[in-house]
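Asks: Whatever this is, show me its structure:
(2 chains)
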Amino acid sequence: AQTVTQSQPEMSVQEAETVTLSCTYDTSENNYYLFWYKQPPSRQMILVIRQEAYKQQNATENRFSVNFQKAAKSFSLKISDSQLGDTAMYFCASYTSGTYKYIFGTGTRLKVLA
Amino acid sequence: GAVVSQHPSWVICKSGTSVKIECRSLDFQATTMFWYRQFPKQSLMLMATSNEGSKATYEQGVEKDKFLINHASLTLSTLTVTSAHPEDSSFYICSARVTSITGELFFGEGSRLTVL
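Replies: Predicted coordinates:
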């Protein structure tokens, strides 16, 4: 079965500092994709970053980067130079193109403190 | 990125009435759209997968007669909550997939339904 686990329900970080959100997953598929989505208080979900499982290089998008450990099935999100606008709920998700199934984690609520 | 628009953003209705929520892909054609339900401070629960021109695929436990989904065109999917009851009050989110290869989803703004 495909699962995604986020073990940190809530986190906080001081503005300008770095924070890492954890995510582990499990899948028997070889071809899959991993995502981090952000849901700010306005509620619209937006994509933060995407990682293809076949790529060894960790994905990076400006201040957001991932630490993808395929053998450990770990996919953590690092936010550098945290900004107040980063305050949101963050969901880790997996997708397998073979089954067309998305699985979302339970989310981590991040609060950036001024 | 691709834009998905959802309407209305919030709606209040009386118990027993029906409510329709629209989900549109504005700048791309979406053969597949997804409808989620989100309870406060919880993750997204997939309700159904909406396929253009065919019947929706409902997840286990979701009443297909209560949550009617129609995907009549490549840019529009609708969710109708029929005979709504207070327990149907929730936040409903639609999303669309641009390609089935990479699976990236684009989400609508969400619709807050309150049934009195």
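
Asks: and the spatially closest residue to B:Asp65 that is not a sequence neighbour, how far is that from B:Lys66?
Replies: In space, and not counting its chain neighbours, B:Asp65 is closest to B:Thr82: 7.0 Å by Cβ to Cβ, 6 or more residues apart in numbering or on different chains. The way it works is simple: take the backbone N, C-alpha and C, and place the C-beta from them, glycine included. Applying Cβ to Cβ, to the nearest Å, the value for B:Thr82 to B:Lys66 is 6 Å.

Asks: try A:Leu21
Replies: Taking Cβ to Cβ as the measure, A:Leu21 falls 35 Å from B:Lys66.

Asks: Residue numbers of chain A in contact with chain B?
Replies: Within chain A, the positions lying close to chain B (Cβ under 8 Å from any Cβ of the partner chain) are A:33, A:35, A:37, A:42-47, A:50, A:52, A:91, A:95-97, A:100, A:102, A:104-107, A:109.

Asks: How many neighbouring residues does B:Leu74 have?
Replies: Burial measure for B:Leu74: 15 neighbouring residues, criterion other Cβ atoms under 10 Å in any protein chain shown.

Asks: which element is the residue sitting nearest the centre point of chain B on?
Replies: By Cα atoms, centre = their mean, chain B has its centre lying nearest to B:Trp35, at 3.5 Å. B:Trp35 belongs to strand B:32-38 when elements are defined using DSSP states H and E.

Asks: Show me what that strand pairs with in its sheet, parallel or antiparallel.
Replies: In the sheet containing strand B:32-38, the strands it pairs with under DSSP bridges are strand B:44-51 (antiparallel), strand B:90-97 (antiparallel).

Asks: so who does B:Arg37 touch?
Replies: Counting by Cβ atoms under 8 Å, 6 or more residues apart in numbering or on different chains, B:Arg37 makes contact with B:Leu44, B:Met45, B:Met47, B:Ser90, B:Phe91, B:Tyr92, B:Ile93.

Asks: helix/strand/coil for the closest residue to chain A within chain B?
Replies: Taking Cβ to the nearest Cβ as the measure, the point where chain B comes nearest chain A is B:Gly103, at 3.4 Å. For B:Gly103, the secondary-structure state derived from DSSP: H, G, I helix; E, B strand; the rest coil is coil.

Asks: Pull up the pairing partners for the helix or strand bottoming out on mean pLDDT in chain A, direction included.
Replies: Taking mean pLDDT, DSSP states H and E as the measure, the helices and strands of chain A show their lowest mean at strand A:101-104, namely a mean of 86. Strand pairing for strand A:101-104, determined by DSSP bridges: strand A:88-96 (antiparallel).

Asks: Tell me which residues of the partner strand come out buried.
Replies: Along strand A:88-96, the positions that meet the burial threshold by neighbour count (16 or more other Cβ atoms under 10 Å in any protein chain shown) are A:Ala88, A:Met89, A:Tyr90, A:Phe91, A:Cys92, A:Ala93, A:Ser94, A:Tyr95, A:Thr96.

Asks: and the least confident of those residues?
Replies: The lowest pLDDT within the buried residues of strand A:88-96 belongs to A:Thr96, which sits at 84.

Asks: pretty sure that residue is touching A:Tyr25, no?
Replies: No: contact criterion Cβ atoms under 8 Å: A:Thr96 and A:Tyr25 do not qualify, at 10.5 Å.

Asks: what's the overlap in contacts for the two?
Replies: Contact criterion Cβ under 8 Å, 6+ apart; residues bridging A:Thr96 and A:Tyr25 by contacting each: A:Gln2.

Asks: Would you mind listing what in chain B touches chain A?
Replies: Residues of chain B that fall close to chain A, judged by Cβ under 8 Å from any Cβ: B:1, B:32, B:34, B:41-44, B:46, B:49, B:91, B:93, B:95, B:100-110.
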